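>>> Need a 3D model of the following:
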Amino acid sequence: MISINNLTYKYTSFKKEVGLLGTLRDLKKRNKFEKIALDDLSMSISSGEIVGILGKNGAGKTTLIKILTGILAPTQGKVYCNKMIPYLRERDYLKNIGVLIGQKSQLIWDLPAIDTLKMLQVIYEIDDFKFKKNISEMLILLNLESKINIPVRKLSLGERIKFELMCALIHMPRILYLDEPTIGLDITSQYAIHSFLKKINHEKGITILLTSHNMKDIESLCDRVVILNQGKIFEDSSLKDIVKKYSASEKIIIKFFNKIPEKFTHYYQLSKDTIEVSNSDFLKILDDLSLSNIYSINREITSFEDVIFKVFSMESDNL
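Predicted coordinates:
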């Protein structure tokens, strides 16, 4: 479905000098330098996959999406989507992709969403039967039946994003590119969009490539995660394997009714009556624990967000 081989993207930027004199010098001669946004990147994505692309700001996520959608052409390397080259912007390719960028809108502000959708019907040459069928299905799934004729400016952010999704999917593309699709949304709207995307992926077999800083998007939707660091692939694995690889061992928190018994004082003390032990240590001391003196025992599991924070910290240490 998507094949990326030795992809590199470079662009020229310049360093701005400080102050008025610096600005005048910039007008005469700029200090240009070359920046690498993507560096010898290779990966493949199969049909029907939902893949999450993670990385800190400037890691190359949005650049990758722009190359896959044909907005940018690679400096080096080859990219094929549906056996076509994206930057050539062939008609057959553009008719089979959908794009949603969280901070960009294709909805017409003063008109109802249905007017934008009808305009897209003409652009994508969708026959009336298929158009009405797709509209009806998505309105029900996204609970938007009563909002279709309301001007976009009167809709909530969550409702607008849902209609943006409808615009990206009205022609039922084979590939859907999502860049920060839930930015600024409340948890209810996020859940609704997650449920909708999972259903569309399952029933229509649409391949989804998703970039997001919201870890709930990744956890809810993606089986596979690609982590970028300075334009290179730092990790490409299943979500479960990444959590297993980078999460700390499970911790057991033991709180006593009174002070910590002498035999356990060499363990890490969270307070005067609470200790933290590893899962393996807990099994060793289990027989020595007196239930009559224990207030509570809790297991602490590392969250996916904590795991990604740890990965990003490792990236910084490796710079």
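>>> can we go C-alpha only for contacts and neighbour counts from here?
Will do.
>>> can you map out the helices along the stretch 101-250 of the chain?
113-123, 128-141, 157-169, 187-204, 215-221, 239-246 (DSSP state H, counting those that start in this stretch).
>>> mind exporting the fourth one as CSV, just the C-alpha atoms?
What that stands for is helix 187-204. Extracted as CSV, the C-alpha positions of helix 187-204 are listed here (Å, rounded to 0.1, in the frame of the first residue of the first chain):
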residue,chain,number,x,y,z
ILE,A,187,-12.7,13.8,25.8
THR,A,188,-16.3,13.1,24.6
SER,A,189,-15.5,14.3,21.1
GLN,A,190,-12.2,12.4,21.1
TYR,A,191,-14.0,9.2,22.0
ALA,A,192,-16.6,9.7,19.3
ILE,A,193,-13.9,10.2,16.6
HIS,A,194,-11.9,7.2,17.8
SER,A,195,-15.0,5.0,17.6
PHE,A,196,-15.8,6.3,14.1
LEU,A,197,-12.3,5.8,12.8
LYS,A,198,-12.1,2.2,14.1
LYS,A,199,-15.5,1.4,12.5
ILE,A,200,-14.5,2.9,9.2
ASN,A,201,-11.2,1.1,9.2
HIS,A,202,-12.8,-2.2,10.1
GLU,A,203,-15.8,-2.0,7.7
LYS,A,204,-14.2,-0.2,4.7
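>>> residues of it that come out buried?
Using 16 or more other C-alpha atoms under 10 Å as the test for burial, helix 187-204 gives Ser189, Gln190, Tyr191, Ile193, His194, Phe196, Leu197, Lys198, Ile200, Asn201.
>>> try stretch 256-270
So stretch 256-270, judged by 16+ other C-alpha under 10 Å, has buried residues Phe256, Ile260, Gln269.
>>> can I get these in CSV with pLDDT and distance to Ala168?
As requested, these are exported to CSV (pLDDT from 0 to 100; distance: C-alpha to C-alpha, whole Å):
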residue, pLDDT, distance to Ala168
Phe256, 92, 56
Ile260, 89, 59
Gln269, 90, 53
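>>> May I ask which helix or strand encompasses Trp41?
One thing to correct before we go on: residue 41 is Leu, not Trp. strand 31-45 (DSSP states H and E).
>>> Using neighbour counts, pick out the buried residues of that strand.
Ile36, Ala37, Leu38, Asp39, Asp40, Leu41, Ser42, Ile45.
>>> what's across from Lys35 in the sheet?
Tyr11 (DSSP bridges).
>>> so it touches Phe14, yeah?
No - look at Lys35 against Phe14 with C-alpha atoms under 8 Å: they stay out of range, at 9.5 Å.
>>> Please enumerate the strands of the stretch 201-319 of the chain.
Listed from the start of the chain, the stretch 201-319 of the chain has strands (DSSP state E, counting those that start in this stretch) covering 207-211, 224-229, 232-238, 251-256, 268-271, 274-278, 294-300.
>>> if we can go back for a sec, can you tell me which of the helices of the stretch 101-250 of the chain comes nearest to Lys28?
Closest approach to Lys28 among these (C-alpha to C-alpha): helix 157-169, 44.0 Å.
>>> What is the closest one packed up against?
strand 97-101, helix 113-123 (3 or more C-alpha pairs under 8 Å, 6 or more residues apart in numbering; DSSP states H and E).
>>> go with 7 Å
Judged by 3 or more C-alpha pairs under 7 Å, 6 or more residues apart in numbering; DSSP states H and E, helix 157-169 is in contact with strand 97-101.
>>> The strand it packs on - contacts with which helices or strands?
helix 157-169, strand 175-179.
>>> Would you pull up how far the longest one lies from the middle of the chain?
Between the mean C-alpha location of helix 157-169 and the chain-wide mean there is a distance of 17 Å, by C-alpha atoms, centre = their mean, to the nearest Å.
>>> rewinding a little: can you redo the buried residues of strand 31-45 as TSV with pLDDT and distance to Ile285?
Below are the buried residues of strand 31-45 laid out as TSV (pLDDT from 0 to 100; distance: C-alpha to C-alpha, whole Å):
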residue	pLDDT	distance to Ile285
Ile36	94	53
Ala37	94	52
Leu38	96	51
Asp39	95	50
Asp40	95	51
Leu41	95	48
Ser42	97	48
Ile45	96	47
